[in-house]
Each structure stands twice: as C-alpha cells, then as structure tokens.
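**Q** Structure for this input, please:
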Amino acid sequence: MYWLLVAFVLSVFMVVTTPDQSDDYDHSSDEQDYDHPNLHDMNTAGGSQTKKKTREQNKDHAEYHPSQGQRFVIKFSNDQIAHDSVAKKLNKKCAMVASDFKLLPMDVPWIEQDQKNIDETMAMIQREFDYSGSTFGYRRVNERLNKLWRSAYNALLDKYNNKDLTVEEVMKTLPDYIIKEQFLKKLIERRSPRRLVCIN
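**A** Next up is the predicted model:
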C-alpha cells in the first residue's frame, strides 16, 4: 500500500513539472509556410525600374536622335518644311535649343541676337538634321527656331507673371534656373501700359 501511494505521488509530480511542449514548439514549419517577400525580387526591383527607365530613354534617344554618323533628312513641300515624323523631331530639337537663354537671351530681339550664337545654334541642329533639300532650308529652320524661342520665354512669363504681385514680388518667386536680368526686362515690357507690339 505504501509503495502504491509513493508511485501515485511521483506520477502526479511528473505530470505537473513536465514542460509544456507548446513553448518549445518548432516554428520552423511556420516559417516555411509563411509567405515571405522574395528578397531576390526586392533586391532586383530597383534594378528593374532602372532598366525600364533606361529602355525608355534609349527608345526616346532612338526616336529623336539619329544613329551615329547619320542625320534626319528634312523634306520640303513648296519650300516649306513638310509635316511628317522628321518635322516632329525637328520641333523637339529646336524647342530644346531655343530654351537655352544663355545662348539666345530672351531680352534681345531675334534680329539683334549675336550672329555667333545663331550660327552655333544652327550648327547644333544641323549635326542631326539635313535641311539641304531646299534653298530655303536654312531660313525655314531659323524661322522655326525663332518661333519656338518666343514661345519658350512667353511660357515662362505666363507661368510666373502673377498679376496680383508687384514686379519685385514676382522676381522673388522665380526659380534659380531663370536668368533674372533677362526675365525682369521682359516682365516690365509685358506690364508696361504703353507696351508696343514688336516682332522679335
């Protein structure tokens, strides 16, 4: 009887003191089942975005810039630039060049621009475009450049000429890339009550 009592007490003690297996549960299977983000995909995501952007840039370059050693040939109709895909490329190139107000100051009328700067600008265009198909080729490209140059500085005036602000206040809102002295002259000209219409 004594030994039966001892055995019973020991069995109860073992049940009470045995660690709960749930605390020592091997969570490795949970880790395997858990849907972890793919670290490889995460690490290459940025690279994929960069590659995509590079492909888009290369596509843009191929579309708007000729192959090395080649030039886009501008077609003419009745001595006017024909409206085709090359003309669109020419517009993009001219717009880019025309917005360089260090080379072509916005406050200097077109007919008074430094001829060296005009020549440099035309040379930049001619490196990518062949306008020799017409005796009016140079003139037509020059006219288009002039038009886009005026559009470029007028776009800046339209954007920053807040009529609710004084000239001085407007000048304080200009971003750093705008040449302040040039812009100020054009702004005063536009706001002048006695403004004269002039063709630059």
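**Q** I figured Lys185 hits Pro109, correct?
**A** No - using CB atoms under 8 Å, Lys185 is not in contact with Pro109; the gap is 11.3 Å. (Each C-beta comes from the backbone N, C-alpha and C, glycine too.)
**Q** Those two: who's more crowded?
**A** Lys185 (14 against 10; other CB atoms under 10 Å).
**Q** What sits closest to that one if chain neighbours are left out?
**A** The spatially closest residue to Lys185, leaving aside those adjacent along the chain, is Asp107, at 4.1 Å (CB to CB, 6 or more residues apart in numbering).
**Q** can you map out the strands along this protein?
**A** For the chain, strands defined by DSSP state E occupy the ranges 72-73, 76-77, 80-81, 129-130.
**Q** Out of those strands, flag the one nearest Asp164.
**A** strand 80-81 (40.9 Å; CB to CB).
**Q** pLDDT of that closest one, averaged?
**A** For strand 80-81, mean pLDDT rounds to 94.
**Q** strands paired with that strand, and their directions?
**A** According to DSSP bridges, strand 80-81 has the following sheet partners: strand 76-77 (antiparallel).
**Q** Other residues contacting the strand it pairs with?
**A** The contact list for strand 76-77 (CB atoms under 8 Å, 6 or more residues apart in numbering) reads Ala82, Gly133, Ser134, Phe136, Gly137, Arg140.
**Q** Now do the contacts for Val170.
**A** Tyr160, Asn161, Asn162, Leu187.
**Q** what do you get for Val108?
**A** Neighbour list for Val108: Asp114 [criterion: CB under 8 Å, 6+ apart].
**Q** for this structure, what helix or strand is lowest in average pLDDT?
**A** Lowest on mean pLDDT, DSSP states H and E among the helices and strands of the chain sits helix 28-33, with a mean of 36.
**Q** returning to what we had before: so which of the strands of the chain has the densest surroundings on average?
**A** A comparison of the strands of the chain by mean neighbour count, using mean count of other CB atoms under 10 Å, puts strand 129-130 on top with a mean of 18.
**Q** mean confidence for that one?
**A** Averaged across strand 129-130, pLDDT comes to 94.
**Q** Ok, stretch 69-77 next?
**A** 90.
**Q** Stretch 100-111 now?
**A** 96.
**Q** then that stretch to PDB, C-alphas only?
**A** Extracted in PDB, the C-alpha atoms of stretch 100-111 (Å, rounded to 0.1, in the frame of the first residue of the first chain):
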ATOM      1  CA  ASP A 100      18.800  78.000 -73.800                       C
ATOM      2  CA  PHE A 101      18.600  81.700 -72.800                       C
ATOM      3  CA  LYS A 102      22.300  81.800 -72.100                       C
ATOM      4  CA  LEU A 103      22.900  81.200 -75.700                       C
ATOM      5  CA  LEU A 104      19.800  83.100 -77.000                       C
ATOM      6  CA  PRO A 105      18.900  85.800 -74.400                       C
ATOM      7  CA  MET A 106      15.200  86.300 -74.200                       C
ATOM      8  CA  ASP A 107      15.600  90.100 -73.700                       C
ATOM      9  CA  VAL A 108      17.400  90.600 -77.000                       C
ATOM     10  CA  PRO A 109      15.200  90.800 -80.200                       C
ATOM     11  CA  TRP A 110      15.800  87.900 -82.600                       C
ATOM     12  CA  ILE A 111      17.200  90.200 -85.300                       C
END
